[in-house]
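Participant: After the sequence you'll find the predicted model.
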Amino acid sequence: MASLTWKYRVYRALNGFPAIGSAVDRFRDWKSFREYSQRGTFSQHGEDRFLLDYFGDHVGTYVDIGANHPFRISNTFMLYQRGWHGLVIDPIPNQIDAQRRWRPRDTQLNIAVGPSAETLKFFYLYPSVLSTFDPQVAERYLADGSLLRATYDVEVRTLATVLSSFNNGRCDLLSVDTEGFDARILQSNDWERYRPRLVIFERNDEGSRCESSELLLANNYRFVQQCGCNHVFEAQ
């Protein structure tokens, strides 16, 4: 907690000096890029290695919802390095800016995906990967030592709308990582019309009912892989 608070204070201090803050962010990106490259995976649990093995030489497209940073804990960055491109969605503006710097072939949207077209309150946390629309999830993270940067309203579109707007509704991979909001995103798709070949989502509720798994199974997907807290389903 002390370390986290110290880092957050530095972040807040740099807000008053945008040029310095930008330089620090770029140096941190360069340093962590080297570390992730040496590690051989940019995902949290090696999900990208599984995806590369699964797709082989195929060069396809992805839709990455809750993408956050362009390569840190990213399921799609190694695919991008292999020539893939896609639609990258995140409600945090500075993460979208970083995405545009590192992944210019992608299309970036600074919005969110959810059950209906509306605006929702977003909890922007530190670390940013824990940011969420779910107030209960935010409360739990804050109790565990995360820090609240800001709350603000974000435009929300349904998954069906998002998929219909990209590549004529076709994509090889749908990656969803939205800290407790994944099931509501998946529920907003028209699964008869828009069927990504693979769907990967985060599950942190082992031992209890998983709405995301139930929804995909009901729509003729099958479970193929677990990578840490992430589960992968394949269209039949």
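Facilitator: It's in.
Participant: element containing Arg140, please.
Facilitator: Taking DSSP states H and E as the criterion, Arg140 maps to helix 135-143.
Participant: Equivalent analysis for Asp53, please.
Facilitator: Using DSSP H and E, Asp53 sits within helix 47-55.
Participant: count of neighbours near Val192?
Facilitator: No, residue 192 isn't Val; it's Glu. Neighbour count of Glu192, defined by other C-beta atoms under 10 Å: 8. Where C-beta positions appear, they are placed from N, C-alpha and C, glycine not excepted.
Participant: Could you tell me whether it really is in a strand?
Facilitator: No - assigned with DSSP: H, G, I helix; E, B strand; the rest coil, Glu192 falls outside any strand and is coil.
Participant: ok, so what distance separates it from Asn219?
Facilitator: Distance from Glu192 to Asn219, counting by C-beta to C-beta, to the nearest Å: 8 Å.
Participant: count of residues packed around Lys121?
Facilitator: Lys121: 11 surrounding residues under other C-beta under 10 Å.
Participant: That one contacts Asp153, correct?
Facilitator: Yes - contact criterion C-beta atoms under 8 Å: Lys121 and Asp153 qualify, at 6.1 Å.
Participant: Give me the phi and psi for Thr178.
Facilitator: phi -130, psi 30 (degrees, to the nearest 10).
Participant: what's the answer for Asp64, then?
Facilitator: Here Asp64 shows phi and psi, under degrees, to the nearest 10, equal to phi -110, psi 110.
Participant: ok, the longest strand along the chain: who's next to it in the sheet?
Facilitator: Longest strand in the chain, counting residues (DSSP state E): strand 147-157. Using DSSP bridges, the strands paired with strand 147-157 in its sheet are strand 112-113 (parallel), strand 118-126 (antiparallel).
Participant: wait, which of those is closest to Asn230?
Facilitator: strand 112-113 (17.4 Å; C-beta to C-beta).
Participant: as a whole number, average confidence for the closest one?
Facilitator: In this model, strand 112-113 carries a mean pLDDT of 94.
Participant: Which parts of stretch 130-142 count as buried, going by neighbours?
Facilitator: By neighbour count with 16 or more other C-beta atoms under 10 Å, stretch 130-142 contains the buried residues 130-134, 137-138, 141.
Participant: Surely Arg28 is within a helix?
Facilitator: Yes - membership of Arg28 in a helix is supported by three-state DSSP.
Participant: any idea how far Asn75 is from it?
Facilitator: Distance, Arg28 to Asn75, using C-beta to C-beta: 21 Å.
Participant: Which one's more surrounded, these two?
Facilitator: Between Arg28 and Asn75, Asn75 has the larger neighbour count (other C-beta under 10 Å), namely 26 against 11.
Participant: which SSE is Asn94 in?
Facilitator: Per DSSP H and E, Asn94 falls inside helix 93-102.
Participant: In its sheet, which strands sit next to the following helix or strand past that helix, and in what direction?
Facilitator: Next along the chain after helix 93-102, taking DSSP H and E as the criterion, comes strand 107-109. Looking at strand 107-109 with DSSP bridges, its partner strands are strand 85-89 (parallel).
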